[in-house]
Every structure is written in C-alpha cells, then in structure tokens.
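K.L.:
Structural data only, the sequence is not supplied:
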Ligand code: FAD
C-alpha cells in the first residue's frame with residue numbers, strides 16, 4: 001500500500017472529493033486506484049474562516065512499484081509503514097505449563113496495568129491483576145457519591161478502582177511520546193475491539209468520553225479472563241516480600257494475605273501515596289521529579305469555539321474546540337494549559353479525606369456548556385519542595401488540605417472569578433459563568449491555597465493567554481482549585497530491561513512510576529513492560 005499525506009480539502013467537501021483528490025495527486029486514472037482508506041484526518045485552523053481538513057490516506061493501486069518510482073522525490077507519497085504489532089517470540093503457553101510456573105502479577109488495573117495484563121494474557125502467560133479499588137460499575141457509584149453527596153470512599157474514587165484514573169475523563173487518546181514501533185496503534189486497535197468508535201484509529205485528536213470508557217474497561221477484563229488471566233478487586237498491595245538478595249518472592253495484601261510472585265508489574269498510578277511510602281521504606285530505588293500545580297479555568301465553550309473556528313464554529317466535523325497555551329512567566333516559571341476538556345465538567349478528584357483536588361472530564365459528545373482546562377505552573381524538587389522521594393507528596397497534600405479548608409471543609413472547592421483573581425481581591429460571588437464542579441464551590445481567595453510564585457505566574461499568564469484566545473479576557477471566567485495531580489511527583493527507577501535496579505523482579509511502569517502522562521502513553525508503557533516481563537520469564541533480557 002501507498003501512504004499519501006497532506007491532502008487538503010475544504011471542511012464541507014463532498015464525499016467523492018477525497019477519491020478525486022487522491023487520483024489527481026497520484027496522477028493516475030480512476031481505474032488505477034483500486035481502494036483507499038483514511039489513515040489520519042486532522043484540520044488546519046490557522047486561517048480563520050478557511051479551515052481545511054488534512055488527510056493521510058492508504059491506497060492500493062494497480063502498479064505500486066512503478067508509482068513509487070515515479071514519485072520518488074515526493075515526500076508525501078511513501079510506502080505505508082508496517083504498524084502491525086508483533087509480540088516477542090517466547091512461547092508463552094509452554095512457559096505457563098512448565099512445572100513451578102508462577103503467574104506474572106500486575107498491581108493496578110489502570111490503562112498501564114490492564115494493557116500489560118492484556119498483552120501477557122494474549123501471550124498465554126495468565127496474569128493475576130491485583131486492584132485496590134472496586135469493579136468499575138461499583139466504583140462509578142462511589143465516585144458519584146462524592147460528587148453528589150460529599151461522601152468520599154478512600155479506596156474507590158476517581159483515582160482508584162478498575163480502569164484507573166482516566167476512567168472518568170475526557171478520554172483523550174493522544175500522546176507525544178516517541179513510538180517507533182507503533183505501539184499506540186496496538187492500544188487503539190484493542191480499544192476499538194473493546195467498543196471504542198472506529199474513528200479513534202484515524203482522527204488526529206481522538207477522544208472517547210467517560211461512559212464508553214466504563215464499558216471498554218469491562219470488555220478488556222472479560223478478554224483477559226477468557227485468556228486465563230484473573231482479577232482480584234479490593235486487593236491492595238501493601239508490601240513486597242523480598243529474599244536476602246532483595247529478589248521479590250511475594251506480595252502482602254492489606255488483608256494480611258500473601259501471594260507468591262517473582263515477576264511483578266507495578267502500575268499503581270500517581271495517587272498511590274501510601275504504596276510509594278511503603279516501597280520507599282522497603283528501599284526500592286526512587287527519586288523526586290518535577291510536576292506542576294495550579295487551578296482549573298472554565299469558560300463558555302461557545303467563546304472558545306468562536307475564537308478558534310470563527311464563522312465555521314459549530315461545524316459537526318470540527319466538534320467542540322480545544323486549545324493549548326504556554327507562557328514563560330517573568331519569575332522563571334512555565335505556565336501551561338493542562339488536560340483541556342472541551343464541553344466538559346470540572347470534577348472532584350481527591351482520593352484522600354480532607355482534601356480537594358480538581359481535574360476535568362467530558363462525555364463523547366462534549367456538549368456541556370463550559371470548556372475547562374488546568375492552568376498549571378511547573379515546580380522543581382529541591383527548590384519548591386524537599387529533594388527527597390516523598391517531598392512532592394507532602395507538598396501536594398499541604399495545598400490540597402488548604403483547598404479543602406478554603407472550600408468550606410465539606411468537599412466544595414474554592415473558586416474565584418478571573419477578574420477578582422487578577423485584581424487580588426477575594427470573590428464574594430460568581431458571575432455569568434456557572435462552575436460545573438460538584439458538590440459545589442465556595443467563592444473565595446484562591447491565593448490561600450497556592451504558593452505565591454504559582455499565583456503570580458498564573459496572574460501574569462492569563463492576560464498573555466488572552467492575547468492568543470480572547471475568551472481568556474473574560475472576567476467572569478471561573479478558577480477552581482487546586483489542580484495538583486498533574487503527574488507523579490516521583491520516579492521509580494528502572495533499568496533498560498524494565499526491572500528495578502535494586503529490587504529484581506519488580507517492574508515499575510505507567511504514570512505513577514514516572515514513565516507516562518496520560519491514558520495512551522500509560523497503555524503504551526504497559527505493552528513495553530509486559531514484553532520485558534515476558535522476556536525475563538523466558539530467560540531473555542529486554543533492551544529498552
Ligand atoms: P492509573 O490510571 O492511576 O491506575 C493505577 C491503578 O492502580 C488504579 O486503579 C489504582 O486503584 C491501582 N492501585 C494503586 N495502588 C495500588 C495498590 N497498592 N494495590 C493495588 N492497586 C493499586 N489522560 C488522558 O490521556 N486523557 C484524558 O482525557 C485524561 N483525563 C483525565 C481526567 C481525570 C479526572 C483524571 C484523574 C486523569 C485523567 N487523565 C487523562 C490522566 C490518565 O487518567 C492517567 O495518565 C492514566 O490513567 C495513568 O494510567 P496508569 O495505569 O499509569 O495509572
């Protein structure tokens with residue numbers, strides 16, 4: 001097949017126009033184009049009022065070698081890359097039936113953990129998945145209890161439970177990680193098999209919204225179980241069992257039960273603070289890493305659409321507009337928009353009692369009235385919090401507690417009008433933008449729950465953002481705080497073969513260990529680490 005890139009067509013093009021454009025670009029007759037499929041569809045919105053769709057297509061033509069030779073100098077016409085997934089050649093079923101076989105264990109059923117488990121199950125290695133939270137439907141009820149009734153269940157919430165942190169999210173499925181083996185494609189193909197819309201395979205910024213994610217997670221569990229894997233819920237791992245050489249030989253659960261294991265994938269997400277503390281106490285190699293904190297901002301989605309799409313706002317194929325903004329503040333801090341959710345809601349995302357944490361989610365339709373995004377400021381270990389593995393966690397907890405108190409001590413979040421925040425006065429009421437956060441917000445002074453250098457950097461960034469996106473000049477836009485769980489505050493070390501350098505048998509992975517930042521990158525890391533474990537079980541070494 002031949003891949004043809006940068007094929008530009010107007011937003012409202014007729015269906016047959018794509019075929020005609022392919023034929024014209026390739027300089028062939030209609031009869032020579034046997035078939036084609038869209039490999040990627042994005043849009044170029046740089047010219048207001050003249051937004052173009054930009055396609056990459058894979059084509060089958062009658063004489064492919066001749067066409068490639070004729071177009072050798074055209075970088076936009078190339079052989080289609082091989083994106084098929086190939087698992088390492090290890091004969092999993094034979095390994096699994098050998099005497100003394102111990103199943104690989106995956107701790108955590110988020111995108112990293114369930115993808116690792118799926119790959120191991122497909123290879124015939126019958127993984128055991130230990131998840132501290134509940135099965136996804138029960139977890140949904142617990143999560144809604146915080147949003148609707150201010151009741152937090154510490155082991156079952158937005159962060160913990162089947163599906164992991166991204167289950168109640170916008171389900172954005174793109175990432176900027178380097179992916180030469182096209183592992184992201186494997187993830188998306190598995191998601192489509194589990195019920196995600198086919199379009200995620202080709203639209204440039206795919207998303208699936210929260211409800212689809214719930215049923216996809218169930219589907220993937222069924223598939224893992226059908227292939228010989230096993231899930232255990234309400235199974236929090238509290239301790240590694242190590243021999244005198246620090247080799248893992250088992251795990252202790254919070255119930256006291258022990259589970260024999262010598263290959264353990266640690267995919268616990270960025271909020272498993274108690275687990276990090278226990279691993280640190282056991283001497284597992286880890287170090288602090290930078291992360292960011294800030295607030296969530298909400299604007300009417302219609303303003304963002306008008307800013308980005310001008311007269312073409314509302315066109316179905318464009319959907320609700322997103323944005324990505326960056327500002328370098330004069331105090332040396334980078335300020336950037338984070339996890340932007342078009343047509344979504346701000347959600348209560350704490351996993352610990354007496355704390356308030358914000359994040360964002362949306363449905364597939366992205367049809368809610370407001371757009372929201374984190375506006376967050378980069379922090380550095382050693383400068384902003386102690387340069388110790390758990391220093392960032394103590395820092396997060398402090399500001400989450402301040403937010404809880406400022407919100408009224410009942411899981412409402414502190415909120416402030418942008419106009420008031422810029423004028424350095426507390427908000428006593430909000431304006432035209434109704435905040436979507438549940439169980440509710442308290443108008444107040446957000447600077448009491450942020451370090452001064454963070455408030456200063458955001459105060460400088462908002463007018464700078466307004467020069468790029470006029471919605472940011474809206475004084476009634478609402479800020480809700482605090483956004484602290486942007487990424488893991490620590491990294492758990494691993495060697496090129498995937499294993500911990502000082503705890504053989506432990507394979508740190510995903511966002512919590514510092515190797516991913518989002519659903520797709522966590523799932524890609526899950527594939528990589530599953531391969532590393534499979535190779536280790538077969539007596540071979542992954543090379544990174
Ligand atoms: P997690 O998803 O955090 O999964 C870790 C799992 O481990 C959890 O299920 C947890 O219960 C379990 N666990 C923890 N400790 C233990 C233990 N000791 N024993 C057993 N189990 C344990 N990313 C995107 O790409 N797009 C988005 O649109 C998006 N929106 C988001 C919206 C919200 C509200 C949130 C909270 C996050 C969002 N993210 C989004 C981020 C994304 O969810 C994470 O990057 C991703 O889930 C990380 O995957 P993970 O598997 O590494 O960890």
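P.N.:
Done, it's in. Here the structure is a predicted model, which means the values were calculated and not measured. Residues are numbered from 1 along each chain as shown.
K.L.:
Pull out the buried positions in the host helix or strand of residue 4.
P.N.:
For residue 4, the host element (DSSP states H and E) is strand 2-10. For strand 2-10, burial by neighbour count (16 or more other Cβ atoms under 10 Å) applies to 2, 3, 4, 5, 7, 9. Backbone N, C-alpha and C define where each C-beta goes, glycine included.
K.L.:
Ok, stretch 166-180 next?
P.N.:
166, 167, 168, 169, 170, 171, 172, 173, 174, 175, 179.
K.L.:
contacting residues for the nearest residue to residue 223 once chain neighbours are set aside?
P.N.:
Closest residue to residue 223 apart from its sequence neighbours, by Cβ to Cβ, 6 or more residues apart in numbering: residue 118 at 6.6 Å. Applying Cβ atoms under 8 Å, 6 or more residues apart in numbering to residue 118 gives the contacts 190, 220, 223, 224.
K.L.:
for the ligand, what are the nearby residues on the stretch 51-200 of the chain?
P.N.:
With the criterion set to Cβ under 6 Å from any ligand atom, the stretch 51-200 of the chain comes near the ligand through 107-113, 130-133, 158, 160-161, 164-166, 168-172.
K.L.:
Return the subset of the residues you listed lying in helices.
P.N.:
111, 112, 113 (DSSP state H).
K.L.:
now, which of these sits nearest the ligand?
P.N.:
residue 112 (3.3 Å; Cβ to the nearest ligand atom).
K.L.:
Quickly note the distance from the closest one to residue 443.
P.N.:
38 Å (Cβ to Cβ, to the nearest Å).
K.L.:
Looking at these two now, which is surrounded by more residues?
P.N.:
Set residue 112 next to residue 443 and count neighbours by other Cβ atoms under 10 Å: residue 112 wins out with 34 against 18.
K.L.:
That one - nearest residue in space that isn't next to it in sequence?
P.N.:
residue 510 (2.9 Å).
K.L.:
what number of residues lie near the one you found?
P.N.:
Residue 510, neighbours per other Cβ under 10 Å, totals 33.
K.L.:
Make sure it is indeed in a strand.
P.N.:
No. Under DSSP: H, G, I helix; E, B strand; the rest coil, residue 510 sits outside any strand and is assigned coil.
K.L.:
Do I have it right that it meets residue 269?
P.N.:
Yes. Using Cβ atoms under 8 Å, residue 510 makes contact with residue 269 at a distance of 6.8 Å.
K.L.:
Tell me the residues that contact both of the two, please.
P.N.:
108, 110, 112.
K.L.:
so what pLDDT did the first one get?
P.N.:
Among the per-residue scores, residue 108 shows a pLDDT of 98.
K.L.:
Over to it: give its phi and psi.
P.N.:
Per-residue torsions, residue 108: phi 110, psi 130 (degrees, to the nearest 10).
K.L.:
dump the residue contacts of the nearest residue to it once chain neighbours are set aside.
P.N.:
Nearest residue to residue 108, sequence neighbours excluded (Cβ to Cβ, 6+ apart): residue 267, at 4.0 Å. By Cβ under 8 Å, 6+ apart, the contact set of residue 267 is 106-108, 110, 112-113, 116, 509-510, 512-513, 522, 526, 529.
K.L.:
need the longest strand for this protein.
P.N.:
The longest strand of the chain (DSSP state E) is strand 33-44.
K.L.:
So for it, what gets flagged as buried?
P.N.:
33, 36, 39, 41, 43.
K.L.:
If you count contacts, what does it end up packed against?
P.N.:
Here strand 33-44 touches strand 2-10, helix 16-26, strand 52-61, going by 3 or more Cβ pairs under 8 Å, 6 or more residues apart in numbering; DSSP states H and E.
K.L.:
how about these in a markdown table, adding mean pLDDT and distance to residue 291?
P.N.:
Listed next are the helices and strands packed on strand 33-44 as a markdown table, based on pLDDT from 0 to 100; distance: least, Cβ to Cβ, whole Å:
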| stretch | mean pLDDT | distance to residue 291 |
| --- | --- | --- |
| strand 2-10 | 97 | 36 |
| helix 16-26 | 97 | 43 |
| strand 52-61 | 98 | 34 |
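K.L.:
Would you mind finding the most buried of the ones you listed?
P.N.:
strand 52-61 (a mean of 19; mean count of other Cβ atoms under 10 Å).
K.L.:
Quick one: residues contacting residue 262.
P.N.:
By Cβ under 8 Å, 6+ apart, the neighbours of residue 262 are 102, 247, 248, 249, 505.
K.L.:
Which residue is the nearest non-sequential neighbour of the last one?
P.N.:
Beyond its immediate neighbours in the sequence, the residue positioned closest to residue 505 (Cβ to Cβ, 6+ apart) is residue 248, lying 3.5 Å away.
K.L.:
Over to the first one?
P.N.:
When the adjacent residues along the chain are set aside, residue 102 lies closest to residue 262, with 5.5 Å between them (Cβ to Cβ, 6+ apart).
K.L.:
How is that neighbour assigned, secondary-structure-wise?
P.N.:
Residue 262 - assigned by three-state DSSP - is coil.
K.L.:
quick one: it from residue 13, how far?
P.N.:
According to Cβ to Cβ, residue 262 and residue 13 sit 57 Å apart.
K.L.:
got it, and residue 449?
P.N.:
Distance from residue 449 to residue 13, by Cβ to Cβ: 49 Å.
K.L.:
quick one, which of those two is more surrounded?
P.N.:
Neighbour tally, residue 449 and residue 13, criterion other Cβ under 10 Å: the higher count belongs to residue 449, 27 against 16.
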